[in-house]
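> Provide a 3D model corresponding to the input given below.
(one chain, ligands or ions: 1)
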Amino acid sequence: MAKETVNRTYVASIRNQRQVRDDLDALGFSASKLWNVGRWVCDRVWSEIGHIPRHNELTTYLKTHERYDDLHSQSSQRVLQELAEAFTGWYGKRRNGDTRARPPGYRKHGDDHPRSTVTFKAAGFKVDTKNGRVRLSKGENHKSCWTDFILCEIQTQPDVDLSTVESVQQVRAVWTGEAWTLHLVCRVAIDVPESPGKKTAGIDLGIVNFAAIAFEDGHGELYPLNCLKQDDYYFSKRIARCDDSDSERARRLNQTKSARRTHYFHTLSNHLVERCVEDGVGTIAIGDLGGIRDDDETGDAKDWGRHGNLDLHSWAFDRFTWMLEYKAEAEGITVTRVSERDTSKSCSCCGRVRKANRVERGLYTCDECGLVANADVNGAENIRRKVSPSLATDGGDRSNGWLAQPSAYLFDTESGRFAPRDQATS
Ligand SMILES: [Zn+2]
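Alright, predicted model coming up:
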């Protein structure tokens, strides 16, 4: 076991809810109002000059707005940052072909404002872990002559030991629909398992092969979506056959379908972590789908909507990545999200970047060095190289090697595990 400092978020209830509720409500409503002001500015700027302002532009522009002083300046800044992030998330989804993605909206229900989460940073809060008290700063506009802060008495879950907290990074006031709670983002020292080794692996997520993994020694593995596709087809057909009178039946079919998908994700993430442990991997690099995909620039964007009759959208990748992260962490393996820029256009052998993809029938060919590689494994290898720039250790001549013919693992419905293609029964 080794010691490591990590971020943990602890959720605390507020014991003096009745005393602080009005004050917190005021801040929550203010955050929504500021969000809406920012959202409106985005609309205006967009229609004037066709550009959506970034976070720092929004802050500069709105610093003097009267709504900005409803919250502590760091809290106001965070609201505008969230708005900018919501736009970035939306661009990312659009780029990945998710045509159902919508830009962030206004936070309003008729004349009412919802209670938005309010974030307090360094100068905006004080935590007294010994006595279980948190002091939150109000904005200039909400300060009165006798209180310029809100004092919350908090109660954390019984298994949380606040004495192990080294520092509190930020506090978020979150409305649950019934009460305000505080989320404390803490730095804590924890015991972590020793990592299985120093090697690296790269994972590329996609539609045909849900995952492709490239190991440091140059071999690659593919995890096709065989069973999930059949499953999806089977269930979609049965759901389509239900009419309105069967809505209960359709609901249950939908539930089974999503439970089976979750099972697949769990099994695959367990399996990949196991493979990495066997291989002495200490760091996994995985493509960050929030980032830019190369395909955009070639006008060849992956159209999830069209090819993805499988209804696998970015949420599926996010969910899977999250599973992989926590399972890997439990084995002492770090998962790093890296940008996918150029990972499908570059040759993983000589590093040459092509303007357009040279991918035919799933093979990447390079006329510079002669590499012929499975396109997804080539992508995974490029992702791996972002955390470990050294060439794979097999001497560089991989044109006839593992990259071209990676082993494919199929989900074996009988054993409920992944097995190499020739051993799987499905
Ligand atoms: Zn090459």
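> since we're on Val79, how many residues are nearby?
For Val79, the neighbour count with other Cβ atoms under 10 Å is 29. From N, CA and C alone the C-beta is placed, and that goes for glycine too.
> could you check the distance from Ala285 over to Lys3?
Distance from Ala285 to Lys3, counting by Cβ to Cβ, to the nearest Å: 25 Å.
> what's near enough to touch Gly28?
114-118, 173, 175, 180 (Cβ atoms under 8 Å, 6 or more residues apart in numbering).
> next one: the host helix or strand of it to chain centre, how far?
Taking DSSP states H and E as the criterion, Gly28 maps to helix 17-49. Distance of helix 17-49 from its chain centroid, counting by Cα atoms, centre = their mean, to the nearest Å, is 25 Å.
> Output the set of residues of the stretch 301-426 of the chain in proximity to the ion.
Proximity of the stretch 301-426 of the chain to the ion, by Cβ under 5 Å from the ion, involves residues 347, 349-350, 352, 366, 368-369, 371.
> go again using 8 Å as the cut-off
347-352, 366-371 (Cβ under 8 Å from the ion).
> so which of those residues is the most crowded?
Neighbour max across those (other Cβ under 10 Å) = Ser348, 28 neighbours.
> Strands along the stretch 151-300 of the chain, start to end?
Here the stretch 151-300 of the chain has its strands, by DSSP state E, counting those that start in this stretch, at 165-175, 180-192, 199-205, 209-215, 220-224, 281-288.
> Indicate which one of those is closest to the ion.
Closest to the ion of the strands of the stretch 151-300 of the chain is strand 209-215 (Cβ to the ion; 15.1 Å).
> tell me what the closest one is packed against?
Using 3 or more Cβ pairs under 8 Å, 6 or more residues apart in numbering; DSSP states H and E as the contact test, the elements touching strand 209-215 are strand 199-205, strand 220-224, helix 247-278, helix 375-385.
> Comparing those, which comes out most buried?
For the helices and strands packed on strand 209-215, the largest average neighbour count (mean count of other Cβ atoms under 10 Å) is found in helix 375-385, namely a mean of 29.
> Would you mind getting the angle between that helix and strand 209-215?
50 degrees (axes from the mean of the first three to the mean of the last three Cα atoms, to 10 degrees).
> Show the average pLDDT along helix 375-385.
Summarised as a single mean, pLDDT over helix 375-385 is 92.
> what's next to it, contact-wise?
So helix 375-385 is contacted by 200-204, 206, 208-209, 212-216, 220-222, 285-287, 338, 340, 342-344, 346-348, 357, 359, 362-364, 371, 373, 392, 402-403, 406 (Cβ under 8 Å, 6+ apart).
> Emit the PyMOL select command for whichever of the residues you listed are buried.
Listed next is the PyMOL selection for buried residues among the contacts of helix 375-385, using 16 or more other Cβ atoms under 10 Å:
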select buried, resi 200+201+202+203+204+206+209+212+213+214+215+216+220+221+222+285+286+287+338+340+342+343+344+346+347+348+359+364+371+373+392+402+403+406
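> can you pull the pLDDT of Ala356?
Listed pLDDT for Ala356 reads 62.
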